[in-house]
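Asks: Give the three-dimensional model of this entry:
(chains A and B)
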There are 2 protein chains.
Amino acid sequence: MQKETLRYRLLEAQLDLARRQERAVILLLTGHAATHKGAVVNRLNHWLENRHTEVHALGPSSEEQSRPYWWRYWRRVPECGRVGIFIHGWYGDALFARAERRLSPGAFQDRLAEIRAFEAALAAEGVVLLKLWSDIGRREQRRHLVELQQDPATAWQAGVSEWQRHGQHAAIEALGRRLRDDTEAPHAPWQRLPFREPGEQLFRVGRALLNTLESPPAPPETALGDLPEEAAGVPSLGRGEAPAPLNKTAYRERLARAQARLALNARELARRRIPVVVAFEGHDAAGKGGSIHRVTAALDARQYRVHRIAAPSDEERLRPWAWRFWRRLPADGRIALFDRSWYGRVLVERVEGLAREAQWQRAFGEITQFEQQLLAHGGVLIKLFLAIDKDEQLRRFEARAATPHKRHKLTDEDWRNRERWDDYRGAIDEMFARTHLPGAEWTLVACDDKRRARLAVLEAVNERLEARLSSAG
Amino acid sequence: MQKETLRYRLLEAQLDLARRQERAVILLLTGHAATHKGAVVNRLNHWLENRHTEVHALGPSSEEQSRPYWWRYWRRVPECGRVGIFIHGWYGDALFARAERRLSPGAFQDRLAEIRAFEAALAAEGVVLLKLWSDIGRREQRRHLVELQQDPATAWQAGVSEWQRHGQHAAIEALGRRLRDDTEAPHAPWQRLPFREPGEQLFRVGRALLNTLESPPAPPETALGDLPEEAAGVPSLGRGEAPAPLNKTAYRERLARAQARLALNARELARRRIPVVVAFEGHDAAGKGGSIHRVTAALDARQYRVHRIAAPSDEERLRPWAWRFWRRLPADGRIALFDRSWYGRVLVERVEGLAREAQWQRAFGEITQFEQQLLAHGGVLIKLFLAIDKDEQLRRFEARAATPHKRHKLTDEDWRNRERWDDYRGAIDEMFARTHLPGAEWTLVACDDKRRARLAVLEAVNERLEARLSSAG
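Replies: Sure thing, here's the model as predicted:
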């Protein structure tokens, strides 16, 4: 293929991508230093339509550092229709941190597993990945660095960090091999880019990108594993006994105590800069709103935010499903309360057929990844399911319908959901079985008595926070 | 009014706000220290529906510090339907910086003018503002601080900064008076909040907020000033002479030289962390895309981003008009190229009737504010208008229609716009007259010859960058 033909076809393919808005493309370039990476990206960027292209090559900001590691890449996932070019990106982080021994061998291995999960999540949602490894021999690298240094116009390209990486050539070579072997996948393939003059390299990169644009790889298949054996402690609907109602005086007194305890815990979390995420799920009319109010009443308004999860915005719709939860992750020391959450995918979206089977099945893995990231960052995750029985729900719906200032809380959708009670029940039990994991345990709160339910919510939150606060770190 | 009645009506009014999604509300609370501000906001937040409320009280992040000052508040403007509560906010910044002499009297005065402009811009776009000043006498403040200190549970509320502000009580009192006098407006009124026990203060805040929600003030009227006297240097369409065409060899050589110069300039801008914004406006088919390519070809892809301004997303539609340009401002040392820009409001939106007259008239002031902020932050602003004459446009449209791989660039809209050539001409000339200001000058580029046009664009960009680089700072 001629250079001009390649360039023309690339542009056509990119414009088609932008018109359809069905996929995004990520081109990631990493590998050895002093291999023309910058020059190649610059020229490629000139070939492409720059209104639909973005380049990411910056170190983390303070907002990024105060959130789970992957937040910085999730926020940069390009919209459908766009091409995102990453120089080093998540591979550079892993590679150089390990080469400089800022990452232990075990942590490096864990990071590779996270990379696989991240890329699979993107690929499954229409992000096409292409990863290029820039090769160069040690002696050739040295020769090239010396050359760069001798020309005043290019001397800045042979700085301390390039020479340092030259010194680590053998380590980077070995780590690169492991990294590529471990993260090779049909939906996120590696290609090696030999060291040639920039024009030749550009041609190879362009051809690889064209190939990806014209025949994007199939998204990964997710095989949902068998349901885990019923483990001890996994909650299940309908097991709890209805507790005896609590009188108002006892309730008020216990509520005040629990809230005072929560206020202290929250202050200590802020001081230690520990982020907290609380997900409220549950049956319609179980009392999520009222419970959230009892929690926030104990908190400093400056510390928390309530996220109500409803239909996605159009900016959200153009990105992978999990993006809208990632963007809401709290900074260190802050508390995010989710009124409905990422579990909507395996509950309402599953039952109502709003997500395809492959989508909600895949969501179990994506949810686990998302939650593990928060935990790995030192955060606290609290998942509450507020349950009522079917008769109690009917009583509450009827009471709402009869009370003028509560009528707006009851919608046709509530009645529709109620008709599928048994389907929901199955989905809820499967959700418990698959996502009740260490550090991410569910608390099932029986809500037939509102007062006991609110106390139980506060109790669960306090217990989880205190468990975290009494641990090291 | 009873407390319970107030609370109920507040909630009703807030739910109505959320349902309609026509306005946002900002409640800002500032003033003296140790006046129960935190407690009042916490309780108010408990009264409100927290799914539609957000509280902002954090210091700036590194992403905020590396952008023009007002970026940090623009990004926090609540969506229509939501209530944003700010503790101190932009008033605290001005007040305490001046009290601690980090801001000169002149800079304080300038800041107040910026505040007026910011609030007017928000109010004109459906954001309702309510500003509360917390009063307390000096002796009473001292007594209260001592009280707080004696109780271990509240001692943290009487820290170093509170005592420091107590020491500055007289200065804060005097500055507060000036600040309120200077920023009082029907669309952004001040109310003073006397020091009372928190419940009583909450009641007053709640009543003020209810009043604002139930009878929002009218947005400010914008009187568009007379067109400025024709000043020297203001560009005007149709004045330039058509330049002689340039042969290819001379073009290539001059292009290479201009791009090399730009590459050097850009590197120096990055080193000195100076942000750059380039706005490309012009007639359809004048060659904006090609010119942008000739600029970016000289730049490091890691340093710039091209923003193509088309229809707003729904997240953008729920916020004041200028929000979508603020969110795209580059960080220090980076370059943002706008393919069409905020001038769309006074060009296509004006001519096609997409913006009401009051909106596009107001936009002149808002645009000036926006641009001045970038300049005040030390940035460079380059505004280019790429012009062709009507016959040349027709030739290019016909050529596009006849070339398969260019046909997608020509739309029905282009033909429609062409029919209103004279209306556009009037709008363009008024835009020049009103927005050709020091530091924000327009460069009119005659584009009938493509080669000369591209060189002229590069020349204009280089000149502006070099003027900035040769200045101090």
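
Asks: Show me the contact partners of the helix or strand bottoming out on mean pLDDT in chain A.
Replies: Ranking every helix and strand in chain A by mean pLDDT, DSSP states H and E puts helix A:412-419 at the bottom, with a mean of 87. Applying C-beta atoms under 8 Å, 6 or more residues apart in numbering or on different chains, the external contacts of helix A:412-419 come out as A:284, A:285, A:348, A:351, A:390, A:393, A:394, A:397, A:424. C-beta coordinates here come from the backbone N, C-alpha and C atoms, glycine included.

Asks: Sitting in strands, which of the residues you listed do you find?
Replies: Counted as lying in strands by DSSP state E, out of the contacts of helix A:412-419, is not a single one.

Asks: Pull out the buried residues from those.
Replies: Buried members of those, counted by 16 or more other C-beta atoms under 10 Å in any protein chain shown: A:284, A:285, A:348, A:351, A:393, A:397, A:424.

Asks: which of the contacts of helix A:412-419 come close to chain B?
Replies: The subset of these within reach of chain B, counting by C-beta under 8 Å from any C-beta of the partner chain, is empty.

Asks: Output those in JSON lines; the columns should cover pLDDT.
Replies: JSON lines is the format used below for the contacts of helix A:412-419 (pLDDT from 0 to 100):
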{"residue": "A:284", "pLDDT": "93"}
{"residue": "A:285", "pLDDT": "93"}
{"residue": "A:348", "pLDDT": "94"}
{"residue": "A:351", "pLDDT": "95"}
{"residue": "A:390", "pLDDT": "92"}
{"residue": "A:393", "pLDDT": "93"}
{"residue": "A:394", "pLDDT": "93"}
{"residue": "A:397", "pLDDT": "92"}
{"residue": "A:424", "pLDDT": "95"}
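
Asks: Tell me the one of the residues you listed nearest residue A:201?
Replies: Nearest to residue A:201 among these, counting by C-beta to C-beta, is residue A:348 at 49.0 Å.

Asks: Report the contact partners of residue A:388.
Replies: Counting by C-beta under 8 Å, 6+ apart, residue A:388 has contacts A:282, A:283, A:285, A:286, A:287, A:396, A:446, A:447, A:448.

Asks: Top of those residues by number of neighbours, please.
Replies: Among the contacts of residue A:388, residue A:447 has the most neighbours (other C-beta atoms under 10 Å in any protein chain shown), with 27 neighbours.

Asks: My understanding was that that residue contacts residue A:280; is that so?
Replies: No. Assessed by C-beta atoms under 8 Å, residue A:447 is found out of contact with residue A:280, at 11.2 Å.

Asks: Report the set of residues contacting both of those two.
Replies: What both residue A:447 and residue A:280 touch, as defined by C-beta under 8 Å, 6+ apart, is the set residue A:386.

Asks: Tell me how many other residues crowd the spatially closest residue to residue A:297 that is not a sequence neighbour.
Replies: In space, residue A:297 comes closest to residue B:46 once its chain neighbours are excluded; the distance is 4.7 Å by C-beta to C-beta, 6 or more residues apart in numbering or on different chains. The number of residues packed near residue B:46 is 17, by other C-beta under 10 Å.

Asks: same deal with residue A:199?
Replies: 12.

Asks: next one: residue A:268
Replies: Close neighbours of residue A:268, defined as other C-beta under 10 Å, add up to 14.

Asks: How about residue A:78?
Replies: Neighbours of residue A:78 under the rule other C-beta under 10 Å: 22.

Asks: need the residues of the stretch 151-300 of chain A near chain B, please.
Replies: Contacts of the stretch 151-300 of chain A with chain B, taken as C-beta under 8 Å from any C-beta, map to A:156, A:267, A:289, A:292, A:293, A:296, A:297, A:299, A:300.

Asks: Columns secondary structure and pLDDT on top of those, output as a markdown table?
Replies: As requested, those are exported to a markdown table (DSSP: H, G, I helix; E, B strand; the rest coil; pLDDT from 0 to 100):
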| residue | secondary structure | pLDDT |
| --- | --- | --- |
| A:156 | helix | 84 |
| A:267 | helix | 94 |
| A:289 | helix | 92 |
| A:292 | helix | 95 |
| A:293 | helix | 92 |
| A:296 | helix | 93 |
| A:297 | coil | 90 |
| A:299 | coil | 93 |
| A:300 | coil | 91 |
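
Asks: which of those residues are buried?
Replies: Taking 16+ other C-beta under 10 Å as the criterion, what is buried in those is A:289, A:292, A:293, A:296, A:297, A:299, A:300.
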